[in-house]
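K.L.:
Here is the input, now give the coordinates:
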Amino acid sequence: MHLHPRRAPLQLATLTALVAAFWLTAVPATASCTLQVIPEHPDETWQAAIDGVRGALTTQPGDCAAVVLEIDAGYATLTFVTLDGRRAARVLHAADELSPTLAALRVTLPSPALAAASANEAPRAAALSVPHTSPSAAPAVHLLVNALVGARLAGPGPVVGPSMLLGASLGLAHWEIGLLARWTPVYEILAPDTRAARLADVSAGLAVGRQLSLGRHVALVTGMMLSAAAQHEGWRTPDPTTGKPVHNEQDRGQALVGAYAAAVFPISSRTHFRASLLADVDATHVGENDPPANGLPRLPWWALTLAVGLESEVL
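P.N.:
From the prediction side, this is the model:
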C-alpha cells in the first residue's frame, strides 16, 4: 500500500482498524469448543466415548461454543451450544450414542446466517431450532422389562415354593413406575402332621420405586407394591360310599400390600442384572392363624420372595 505523506496517519489508523476487526471475527470461529462433563470422572465406558470426541471438538469445533454432558445413573443429557447462543438438548441412553449425536447436532442446527434471514419473516425466537433447555430439565423416559426367578416363603404354614416374576416399567431419572406379575405354581408344606394338599398362587399389580445410585456401577431401588392375588388349594378325601379318593379344591382372593428392594448392576448397560427382595401381606386376611375345620394347612397371608434375573431397556 502506498502511503501519502500527509494522509499516512489516517491510512495507518484505518489499516489497524481493519486488522483488528478481522482478528475479532476470526477468533470465535477458530476457538475450541469447551466440553464440560458432570461428574468430572465418569465410569470407563463414558470416559472412552468422551476421549473420542474431545479432540474433534478442540481442533474442528465448527459452529460450537460449548458442550455440557451430565451423566446420571447410566444415562446422560447432552446440551449443545452454538457460537450465537442457540441450544439443543438430547438424552443419551448409552455411551456409544455420544459421537453420532454430536455429529448430528453440528449438521442439523441452522447456521447463524439462516437464523438471521428467518428473523425478517418471524420473531427471532421462532428462528431458533431448539429452545433453551438446561441439562436437568430434559426428560429421560425409557421402557424397562425384566424377568426373574427365585423362591417364595409364606406363612403361616410355613410353605415354600419356586416363583417367577415378570415386570414392565417406565424408567425416569430416579423413579420406576410399572406393572409386576408373579406366579408360584406349587408350594411345599413344611409343617408336620398336616393333610396332603396342593397350594399355588398368582398375583399382578402396580409397583413404584425410587432409584439411588451406590456408585458408578450399582443402583439400589426401593419401593411399594399393591397387587391383586388368588390362592388355589387342592386336596383329596375318601368318598364315603365307595372309599375312592375324591379331588376337592377351593380358591381365595387376596389384596396384597408390600415393599421391595432391588440391586441393579451394571447401570451403564442397557441390559443388567437385577436381584430383588419382596415382602407382602394379604390385607384381607391378616392375622388368620387358626387351622381350618377340615384339618387342611392354613392358607398363608404373609410372604417373602427372593428373586434374581435380567432387566433390559427396550425403548
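K.L.:
CA atoms for contacts and neighbours, from now on please.
P.N.:
Will do.
K.L.:
for the host helix or strand of residue 272, which positions count as buried?
P.N.:
Take DSSP states H and E as the rule and residue 272 turns out to sit in strand 271-282. Within strand 271-282, the residues that qualify as buried are 271, 272, 273, 274, 275, 276, 277, 278, 279, 280, 281, 282, counting by 16 or more other C-alpha atoms under 10 Å.
K.L.:
wait, the first one sits on residue 313?
P.N.:
In other words, residue 271. Yes. Using C-alpha atoms under 8 Å, residue 271 is in contact with residue 313, at 6.4 Å.
K.L.:
re the thing from before, can you list the strands that the strand holding residue 272 pairs with?
P.N.:
Within its sheet, strand 271-282 is paired with strand 245-265 (antiparallel), strand 302-313 (antiparallel), according to DSSP bridges.
K.L.:
The closest residue to residue 81 other than its chain neighbours: neighbour count?
P.N.:
Excluding the flanking residues, the one nearest residue 81 by C-alpha to C-alpha, 6 or more residues apart in numbering is residue 87, at 4.6 Å. Residue 87 sits with 22 neighbouring residues when counted by other C-alpha atoms under 10 Å.
K.L.:
any idea how far residue 87 lies from residue 209?
P.N.:
33 Å (C-alpha to C-alpha, to the nearest Å).
K.L.:
before we move on, what about residue 45?
P.N.:
27 Å.
K.L.:
Of these two, which one has the most company?
P.N.:
Applying other C-alpha under 10 Å to residue 45 and residue 209 shows that residue 209 carries more neighbours, namely 22 against 14.
K.L.:
Need the pLDDT of residue 229.
P.N.:
Looking at residue 229, its pLDDT reads 96.
K.L.:
and it, which of the three is it?
P.N.:
Secondary structure state of residue 229, per DSSP: H, G, I helix; E, B strand; the rest coil, is strand.
K.L.:
Report the contact partners of it.
P.N.:
201, 202, 203, 204, 253, 254, 255, 256 (C-alpha atoms under 8 Å, 6 or more residues apart in numbering).
K.L.:
Can you show me the strands along the protein?
P.N.:
Ranges of strands in the chain, per DSSP state E, are 34-38, 66-72, 75-81, 87-92, 142-155, 159-171, 175-189, 197-213, 219-238, 245-265, 271-282, 302-313.
K.L.:
for those strands, which one ends up most surrounded?
P.N.:
For these, the largest average neighbour count (mean count of other C-alpha atoms under 10 Å) is found in strand 75-81, namely a mean of 23.
K.L.:
Can you list the strands that that one pairs with?
P.N.:
Partners of strand 75-81, by DSSP bridges, with direction: strand 66-72 (antiparallel), strand 87-92 (antiparallel).
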